[in-house]
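Novice: sequence first, then the predicted structure, then my questions.
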Amino acid sequence: MSVFEVYKQSLSVKYKASLCSKAFLLYLVIVLLTFFLPFLFCYKSHGLWLKYDKYLEQPEVEFKFEYLLISETSDPLVPLICGIYPEKVITTGFCPMIKVAEEDRNMDGIKDNLNFQLNLMTNETFDINSVTLLLFFNFKIHELCLLEMESMAVITHSSAIPGGKLDLIGDLKLVQKTPLDCSLKNPIRMKNSILQFETSDWLFNIYKDYLKRSIYTKLDNVLFKWTKGRSYQQPFIINVKINYDEVEIVYKPKFWQIIKWAWMQYFSILILTLFIFKKVKRFLFTNHIVNTRIAKLT
């Protein structure tokens, strides 16, 4: 005759022990280890508390139509200088024309690159041996951190062969010395003018003060082509293309982000320890490794 299962009931066995017994002491040790070991493991792996985090953002970059050009010539005593600060710097060069175009390739309302062309005319029969060009931008980020600052890109190149044209392409990159302390209510603003001409060695001081900042921009992945030779009646031409690529922002996380990160790591290891010590308790008590009293059997 066939037999069918018509009802099923699990049996539950309860093991009890007094507070002063070895069984209770063992139980207490297991509970402490179950919840303390995940914390210890996360802490020792240096990953429990999130000290900083980072993300990618497409910055809003806008060329300020401000530049400064310093060109060394065949006469080392006569550099050619032209730019947008004639009242502060004695200009010895003549830049009759600049062309500026910023493009938004993906039509997202954020500019993606800058095309800059400058023509340098000389009144004397000077050869151009080196070029230093400073370009100035308004730089903004706003997704998780609010940052507004005046930034700079420095282009410098020299050659033993007199040149007639310099073509250059590079990426505008963000440099951070410390993580940003982000707040949507208190934006970080760095609006102090980069150009300072109080001393005679003003160019070096501009570099020095700029690099003291905790955050700034620079050109990276730079490729250039130096074209030699030109007639003295022709201008020296500088063509620059700068890409405004995504930048990596490093910032200090807030309290709840730190707690969320810590809890995710702790909980993932806690599940494993709960499973392991459950097996340990079953082995210890069912095999009567320590004395307990079976209080109820259902």
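Specialist: Great, that's in hand.
Novice: low-confidence stretches in the stretch 1-150 of the chain?
Specialist: By pLDDT under 70, the weakly predicted segments of the stretch 1-150 of the chain are 1-2, 6-7, 85-93, 123-124.
Novice: got the residue ranges for the helices in it?
Specialist: Taking DSSP state H, counting those that start in this stretch, the helices of the stretch 1-150 of the chain run over residues 22-44.
Novice: number of residues surrounding residue 289?
Specialist: 12 (other CB atoms under 10 Å). The way it works is simple: take the backbone N, C-alpha and C, and place the C-beta from them, glycine included.
Novice: give me every residue that touches it.
Specialist: Going by CB atoms under 8 Å, 6 or more residues apart in numbering, residue 289 touches residue 283.
Novice: phi, psi of it?
Specialist: phi -70, psi -30 (degrees, to the nearest 10).
Novice: try residue 76
Specialist: phi -60, psi -20.
Novice: cool, and residue 166?
Specialist: Backbone torsions for residue 166, taken as degrees, to the nearest 10, come to phi -130, psi 120.
Novice: that one against residue 237, yeah?
Specialist: Yes - using CB atoms under 8 Å, residue 166 is in contact with residue 237, at 7.4 Å.
Novice: tell me which of the two has more neighbours.
Specialist: More crowded of residue 166 and residue 237, by other CB under 10 Å: residue 166, with 23 against 17.
Novice: residue contacts, residue 258?
Specialist: 49, 50.
Novice: residue numbering should commence at 42 henceforth.
Specialist: With 42 as the first residue, the last one maps to residue 299.
Novice: doesn't it belong to a helix?
Specialist: Yes - assigned with DSSP: H, G, I helix; E, B strand; the rest coil, residue 299 falls within a helix.
Novice: how far away is it from residue 86?
Specialist: 16 Å (CB to CB, to the nearest Å).
Novice: now do residue 125
Specialist: Residue 125 sits 53 Å away from residue 86, going by CB to CB.
Novice: repeat for residue 291
Specialist: Distance of residue 291 to residue 86, given as CB to CB: 21 Å.
Novice: those two: which has the busier surroundings?
Specialist: Under the criterion of other CB under 10 Å, the comparison of residue 291 against residue 86 puts residue 291 first, with 16 against 10.
Novice: need the phi and psi values for the more buried one.
Specialist: Taking degrees, to the nearest 10 as the convention, residue 291 sits at phi -100, psi 130.
Novice: isn't it up against residue 93?
Specialist: Yes - between residue 291 and residue 93 there is a contact at 5.7 Å, judged by CB under 8 Å.
Novice: what do the two both touch?
Specialist: Residues touching both residue 291 and residue 93 by CB under 8 Å, 6+ apart: residue 220.
Novice: show me which parts of stretch 213-226 are buried, residue by residue.
Specialist: For stretch 213-226, a neighbour-count test (16 or more other CB atoms under 10 Å) marks 213, 214, 215, 217, 220, 221, 223 as buried.
Novice: what about it, distance to the chain center?
Specialist: Put simply, stretch 213-226 sits 7 Å off its chain's centre (CA atoms, centre = their mean, to the nearest Å).
Novice: repeat for stretch 279-291
Specialist: 13 Å.
Novice: ok, which stretches of the stretch 92-241 of the chain are strands?
Specialist: Ranges of strands within the stretch 92-241 of the chain are 94-98, 101-114, 121-124, 135-144, 154-162, 169-182, 188-217, 229-231, based on DSSP state E, counting those that start in this stretch.
Novice: which elements pack onto the longest one?
Specialist: In terms of contacts (3 or more CB pairs under 8 Å, 6 or more residues apart in numbering; DSSP states H and E), strand 188-217 is packed against strand 101-114, strand 169-182, strand 229-231, strand 256-269, strand 277-284, strand 288-292.
Novice: partners of the third one, with directions?
Specialist: By that I understand strand 229-231. Paired neighbours of strand 229-231 in the sheet (DSSP bridges): strand 188-217 (parallel).
Novice: kindly calculate the angle that the strand it pairs with makes with strand 256-269.
Specialist: 70 degrees (axes from the mean of the first three to the mean of the last three CA atoms, to 10 degrees).
Novice: relative to strand 277-284, how tilted is strand 188-217?
Specialist: Using the same axes, to 10 degrees: strand 188-217 against strand 277-284 is 90 degrees.
Novice: residues of strand 188-217 that come out buried?
Specialist: Neighbour-count burial for strand 188-217 [16+ other CB under 10 Å]: 188, 190-194, 196, 198, 203-207, 209-215, 217.
Novice: tell me the angle it makes with strand 101-114.
Specialist: Using the same axes, to 10 degrees: strand 188-217 against strand 101-114 is 60 degrees.
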